[in-house]
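Participant: Next comes the sequence, and after it the predicted model I'd like to discuss.
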Amino acid sequence: MRNMKAIGLLLLAVITGLAAAVYAASWVAQRGNIASSKVAVAAVDIELGSKINPQMIQLVDWPTGSVPEGAFRDAKDLQDRVVKVSVLRGDAILERKLSPPGSKGGLSAVIAEGKRAMTVRVNDVVGVAGFALPGTYVDVMLNTQRDNGKGEANQISLTVLEHVLVLAVAQEASRDDTKPKVVSAVTLELSLEDAEKLDLARSVGTLSLVLRNQLDKQTVATDGITRDQLLRFKQAVAKAPPPPAIVRTAVMGAPRMPQPQPAPRDCVEVIRNGTRAMHCF
């Protein structure tokens, strides 16, 4: 009886093992039947502005149904192409991440179409204590003096540019580092019109960078603030001249117009040697 139970358990274990083996083989077969394609991915971290060489890429199997748009299947198509954004190791290299064919490496390949790069001198205060890093956005403020129309100069501070992309600080254009860097120069991405404004602004006053949220694209129109407005100075109000005196002439037979009573004055009663006298002033 005991042998029969042992034999039954042994058979049950064998059947269970065979079922598991069949299921595993079926699953492996299904996985092996999934169609795949070779896709070029980054073999190392590639910094923006870098020119791609064969050592930077590798081809891996990618499910055909989920190949991203703009992917490359041949490493030769990526030879000497320049990336305009940082590509991390293992990421697929896509056409939208690359500069147009023939672009040279460096910062010029990162500048958006129709934009210009312009560098301004900064210090630890103007550069927002080093937090104005590549990839962040800033506003540009100007502090200068303006004629108030009376031949007097009045100091004014106003915003001249908003939502400006920082391309590089000093000679660093990497956007992966978030550690503050105190540098002496910051390169900004501007339209040609904004570049003209900035060039004029830095010649007529001092500039300051104002760090802003990367997702905040709203612009705010302001008139700036002057020194007098800041300190709440008020211009003296000119005193209105007194009204002209009205001369009245008497006409025979005309009713007598009531004369206005004089305004009350302050009076003091003085008693001296039993005599009373009233003095008004």
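Facilitator: Thanks, I have it.

Participant: Where does the prediction get shaky in the stretch 1-150 of the chain?
Facilitator: Within the stretch 1-150 of the chain, the stretches with pLDDT under 70 are 1-3, 27-34.

Participant: how about a cut-off of 90?
Facilitator: Filtered on pLDDT under 90, the stretch 1-150 of the chain yields the residue ranges 1-40, 43, 45-57, 59-93, 95-114, 120-135, 144-150.

Participant: all strands for it, in order.
Facilitator: Applying DSSP state E, counting those that start in this stretch to the stretch 1-150 of the chain gives strands spanning 36-42, 57-63, 116-121, 137-147.

Participant: Same list (the ones you listed) but as a markdown table, adding mean neighbour count and distance to residue 19.
Facilitator: C-beta: built from backbone N, CA, C; applies to glycine. As requested, these are exported to a markdown table (neighbours: other C-beta atoms under 10 Å; distance: least, C-beta to C-beta, whole Å):
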| stretch | mean neighbour count | distance to residue 19 |
| --- | --- | --- |
| strand 36-42 | 18 | 29 |
| strand 57-63 | 15 | 29 |
| strand 116-121 | 16 | 67 |
| strand 137-147 | 17 | 61 |
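
Participant: Adding distance to residue 102, write those out as a markdown table.
Facilitator: Below are the strands of the stretch 1-150 of the chain laid out as a markdown table (distance: least, C-beta to C-beta, whole Å):
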| stretch | distance to residue 102 |
| --- | --- |
| strand 36-42 | 19 |
| strand 57-63 | 19 |
| strand 116-121 | 19 |
| strand 137-147 | 30 |
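
Participant: Enumerate every residue touching residue 139.
Facilitator: 159, 161-164, 209-210, 212 (C-beta atoms under 8 Å, 6 or more residues apart in numbering).

Participant: mind redoing it with 10 Å?
Facilitator: Counting by C-beta atoms under 10 Å, 6 or more residues apart in numbering, residue 139 touches 159-164, 208-212, 219-220.

Participant: try residue 223
Facilitator: Listed by C-beta under 10 Å, 6+ apart, the contact set of residue 223 reads 156, 158, 229.

Participant: mind checking which helix or strand the last one is in?
Facilitator: Right, the one you point to is residue 229. Using DSSP states H and E, the element containing residue 229 is helix 227-230.

Participant: which helices and strands does that helix pack with?
Facilitator: Under the contact definition 3 or more C-beta pairs under 10 Å, 6 or more residues apart in numbering; DSSP states H and E, helix 227-230 sits against strand 153-169.
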